[in-house]
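Enquirer: Got a predicted structure here, sequence first:
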Amino acid sequence: MKRTPWIILAAVGNAAAVVAATLFLYSAARGATTDSWMTGGGGDWSNPANWNPRLPGSGAGTNDDAQNLLAGAPISFNTSATVNSFFSQSSGFNLVGGVLSGSQANSASAVQVNGDLSVNGGELSNLTIAQGVGGSVTFASNGGDFFSGVVAAADLTFSNSDYLLLFNANSAHNIAMTNVGNGIRFNDGNASLTLTGTFHGYGATFNNGGGGTLIDNGTISADSAGNTLAINNTNLTGGGVLEAKIGGVLSIGAVINGSGLQVHVDGNPGSVVLINGGAVTGTIGASTGTGLSFANNGNNYISNATIASDLTFGEGGYALLYNANSESGNINVASMSNGIRFNDSNASLTLTGMLHGYGATFNNGGGGTLVDNGTISADSAGNTLAINNTNLTGSGVLEAKNGGILSIGAIINGSGLQVHVDNNPDSVAEINGGAVTGTLGASTGTGLSFAANGNNYISNATIASDLTFGQGGYALVYNANSV
């Protein structure tokens, strides 16, 4: 007969009686034994005198159902036991050592504690933790706190320096963290945690041996003003939400491999979702606020990514591009250093939204391509947006307005690129160490200007844009061209 774990319904009427009847019917159906706690005031699980008819979880009681229907009788656990299920009506269950395991496959054995289930030096394995009445699963600053193959439907609470080490595949619904040290640690590449609810507060996830995966199918929210929730395990995947609000910082040192992950940032100026030593791959969905920001960290990179979220590069913000990438949101740049770096000739970024502000694109090994099928806009008064990677292609718009300078050190190979310059006398779109090839469309204002730079050239170009040569402006002309 297929085994099905017992289910606790809503606590209406006599919850203890409902549980007892459920366990009894289940045990009778499978020919198992239900062991009941008999000691008021609580005590040690491993003492056979505390149970009737026998000690659950070991010896003849292995795979039994265990229940504690006595109020005010917390059980202390420091042994190894394998049970089919465990229910406690008491105010607490204290796991201070040993291993409590479920006997059913695929974590189908259920545990429910009405009150806090305290993990302080022990391990839960191959179990589903149901949400109890009036409590949560709490942890301690203890390196012996382990989960292995646990489905946590109950709330998990981390405070102070609480710690949990994960083995194998686990899942959690809600995680509340107010943690200034330790946090959730992934043991190795086999360790994973699938989030189905909300993980919020401040604290950290991190690695032991490397390779751990956090699967966000819910919401990861940095929602504590002035504090940081750091996702520093190796991999972050899923189709949920990355969120920063109320002035919280969500810092990501993991490699994101998204399946439509969305980024939500509220209007608080201290709120930020920040790539800080991590990476973006896969698919990133739409965003609100500043979207996904990049810190001044040389380990940040973007590779094989399809991004709809806005990207923000504040002062010193940095990302290294590998392979083919696309961005349909906006890229907001406001930095006098670093910027977007193309690793080599295989690196490309196709823009269908807007790249604007001031800052730079540039090369690592040379050959990178920026495909402008949207708008590149220097729109910050008195500041320069420099396109200094190797190649600039596409059929979008090159724009300068509000007194901004669009400086192009790349080789333009246009497919109808247009040049828009407003009537601000300081606005200019200029070739400054770059070149013009291919087809350029119509222009407004001064069109495409040429700086006093001996590397400027025009070759095999069909140009409908106006060209402006100010004092010292220079271009070397190769092959057949038309203007």
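Expert: Sure, I can see it.

Enquirer: What residues does residue 335 make contact with?
Expert: Going by C-beta atoms under 8 Å, 6 or more residues apart in numbering, residue 335 touches 313, 314, 315, 316, 317, 358, 359, 360. For every residue, glycine as well, the C-beta is placed using N, CA and C.

Enquirer: taking those residues one by one, which sit in strands?
Expert: Secondary structure defined by DSSP state E assigns 313, 358, 359, 360 of the contacts of residue 335 to strands.

Enquirer: neighbours of the closest residue to the second one other than its chain neighbours, just the number please.
Expert: This points to residue 358. Leaving aside its sequence neighbours, residue 358 sits nearest to residue 383 (C-beta to C-beta, 6 or more residues apart in numbering; 3.4 Å). Per other C-beta atoms under 10 Å, the neighbour tally for residue 383 reads 18.

Enquirer: Isn't residue 383 up against residue 377?
Expert: No - between residue 383 and residue 377 there is no contact under C-beta atoms under 8 Å: 11.8 Å.

Enquirer: any common contacting residues for those two?
Expert: In the contact map built from C-beta under 8 Å, 6+ apart, the residues linked to both residue 383 and residue 377 are residue 404.

Enquirer: Provide a complete list of residue ranges assigned to strands in the stretch 1-150 of the chain.
Expert: Counting by DSSP state E, counting those that start in this stretch, residue ranges of the strands within the stretch 1-150 of the chain are 34-37, 43-44, 51-52, 65-68, 75-83, 85-88, 92-102, 110-113, 116-119, 123-129, 137-139, 146-152.

Enquirer: can I have the helix or strand following the last one written out in PDB, keeping just the CAs?
Expert: Helices and strands here follow DSSP states H and E; after strand 146-152, the next one along the chain is strand 156-160. Below are the C-alpha coordinates for strand 156-160, written out as PDB (Å, rounded to 0.1, in the frame of the first residue of the first chain):
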ATOM      1  CA  LEU A 156      12.300  29.300   9.700                       C
ATOM      2  CA  THR A 157      13.700  32.000  12.000                       C
ATOM      3  CA  PHE A 158      17.300  33.100  12.300                       C
ATOM      4  CA  SER A 159      18.500  35.700  14.800                       C
ATOM      5  CA  ASN A 160      21.800  36.900  16.300                       C
END
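
Enquirer: so where is this protein shaky, pLDDT-wise?
Expert: 1-31 (pLDDT under 70).

Enquirer: Just the buried residues of the ones in strands among the contacts of residue 335.
Expert: 313, 358, 359, 360 (16 or more other C-beta atoms under 10 Å).

Enquirer: give me every residue that touches the nearest residue in space to residue 268 that is not next to it in sequence.
Expert: Closest residue to residue 268 apart from its sequence neighbours, by C-beta to C-beta, 6+ apart: residue 247 at 4.8 Å. Counting by C-beta under 8 Å, 6+ apart, residue 247 touches 225, 226, 268, 269, 270, 271.

Enquirer: and with 10 Å instead?
Expert: For residue 247, the contact set (C-beta atoms under 10 Å, 6 or more residues apart in numbering) comprises 222, 223, 224, 225, 226, 227, 266, 268, 269, 270, 271, 272.

Enquirer: Return the members of the residues you listed classed as buried.
Expert: 222, 223, 224, 227, 266, 271, 272.

Enquirer: still on that earlier bit, export the strands of the stretch 1-150 of the chain to TSV and tack on mean neighbour count and distance to residue 308?
Expert: Output for the strands of the stretch 1-150 of the chain, formatted as TSV (neighbours: other C-beta atoms under 10 Å; distance: least, C-beta to C-beta, whole Å):
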stretch	mean neighbour count	distance to residue 308
strand 34-37	21	54
strand 43-44	15	56
strand 51-52	18	57
strand 65-68	26	50
strand 75-83	20	47
strand 85-88	28	45
strand 92-102	21	41
strand 110-113	26	40
strand 116-119	24	40
strand 123-129	23	36
strand 137-139	24	36
strand 146-152	24	31
